[in-house]
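> one predicted model, sequence on top.
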Amino acid sequence: MREIERRGFLVGMASLVGVGALTWAKVRIFPGAAAAAKGEPGTVRIVRFSDEEKRLGVENIPKIVKTDDEWQRLLTPEQFDVTRRAGTERAFTGALYNNHDPGLYRCICCGNALYSSKQKYESGTGWPSFWAPIAKENVVQNSDLSLGMARTEILCKLCDAHLGHVFDDGPPPTGLRYCMNSAALRFVLHRS
């Protein structure tokens with residue numbers, strides 16, 4: 001009887017390790033797979049904004065899907081690593097972490113409006129930090145179990161680009177810190 005209990009325990013542990021390995025592979029090796037599994041390829045619903053942050057309305061538009069080769073032709077190696085491979089730039093090295101100009105932060109891959117300088121704050125972490133996205137419809141949250149911890153990954157809803165993570169240690173009014181990679185963002189300075 002004891003041998004059966006031991007065998008059941010070992011099989012259970014092996015199953016847990018296998019599930020963990022598959023989760024790691026899905027999140028680290030194929031980061032877009034988790035997002036693609038959540039949303040059907042086809043159309044997505046996002047809020048469109050002008051470069052001056054004027055809300056243009058909600059639209060259902062085709063999701064942007066490209067091969068790795070196509071993304072590599074469009075992005076720098078760092079942008080590709082961050083957005084398509086869920087990489088992270090080193091703290092205090094990104095072009096936008098210390099940016100204080102008024103403007104809009106768009107996805108580097110597809111141009112989707114993501115964050116406003118009005119919600120940006122100094123977190124002291126070395127990455128651009130925001131207390132909210134410009135429209136919750138424009139981003140997707142995904143469970144990230146990599147690095148031996150549970151985190152919430154933030155992806156662009158339009159193209160599944162990895163942007164960074166959200167944490168619950170931010171300022172009011174949300175108490176959230178959307179910690180983004182500069183390499184995943186394109187800043188558009190307000191003209192006026």
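Now that the structure is in, tell me what you want to look at. Numbers count the residues shown, from 1 in each chain.

> beyond the worst-scoring helix or strand of the chain on mean pLDDT, next helix or strand please.
Every helix and strand of the chain was ranked by mean pLDDT, DSSP states H and E. The lowest is helix 31-38, at a mean of 43. The C-terminal neighbour of helix 31-38 among helices and strands, as given by DSSP states H and E, is strand 43-49.

> give the pairing partners of that following strand; include direction for each.
strand 55-62 (antiparallel) (DSSP bridges).

> got a list of contacts for the strand it pairs with?
Residues from elsewhere that reach strand 55-62 (CB atoms under 8 Å, 6 or more residues apart in numbering): 42-50, 135, 137, 158. Placement of C-beta: from N, CA and C, glycine included.

> kindly reformat the residues you listed as CSV containing distance to K66.
CSV is the format used below for these (distance: CB to CB, whole Å):
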residue, distance to K66
G42, 15
T43, 16
V44, 15
R45, 20
I46, 17
V47, 23
R48, 21
F49, 23
S50, 25
A135, 23
E137, 22
L158, 12
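
> what's the most distant pair in these?
G42 and S50 (25.8 Å; CB to CB).

> returning to that earlier point: dump the contacts of strand 55-62 into a markdown table; add pLDDT as well.
Putting the contacts of strand 55-62 into a markdown table (pLDDT from 0 to 100) gives the following:
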| residue | pLDDT |
| --- | --- |
| G42 | 90 |
| T43 | 94 |
| V44 | 96 |
| R45 | 97 |
| I46 | 97 |
| V47 | 98 |
| R48 | 98 |
| F49 | 97 |
| S50 | 96 |
| A135 | 98 |
| E137 | 97 |
| L158 | 97 |
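
> quick one: which of these is nearest to D169?
A135 (22.7 Å).

> any weak-confidence spans in this structure?
1-41, 192 (pLDDT under 70).

> what about the helices in it?
In the chain, the helices defined using DSSP state H lie at 2-24, 31-38, 68-74, 77-85.

> which residues are in contact with the third one?
Taking CB under 8 Å, 6+ apart as the criterion, the residues outside helix 68-74 that touch it are 66, 80, 83-84, 109.

> buried subset of the residues you listed, written for PyMOL?
Applying 16 or more other CB atoms under 10 Å to the contacts of helix 68-74 leaves a buried subset, and the PyMOL line that selects it is:
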select buried, resi 80+83+84+109
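
> residues in contact with the nearest residue to R177 once chain neighbours are set aside?
Leaving aside its chain neighbours, R177 sits nearest to G170 (3.5 Å; criterion: CB to CB, 6 or more residues apart in numbering). By CB under 8 Å, 6+ apart, the contact set of G170 is 121, 123, 129, 131, 176-178.

> recalculate using a threshold of 6 Å.
131, 176-177 (CB atoms under 6 Å, 6 or more residues apart in numbering).

> of these, which belong to strands?
Under the assignment DSSP state E, these contribute R177 to strands.

> present the contacts of G170 as TSV; the columns should include neighbour count and distance to E59.
Converted to TSV, the contacts of G170 look like this (neighbours: other CB atoms under 10 Å; distance: CB to CB, whole Å):
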residue	neighbour count	distance to E59
W131	20	25
L176	20	26
R177	21	29
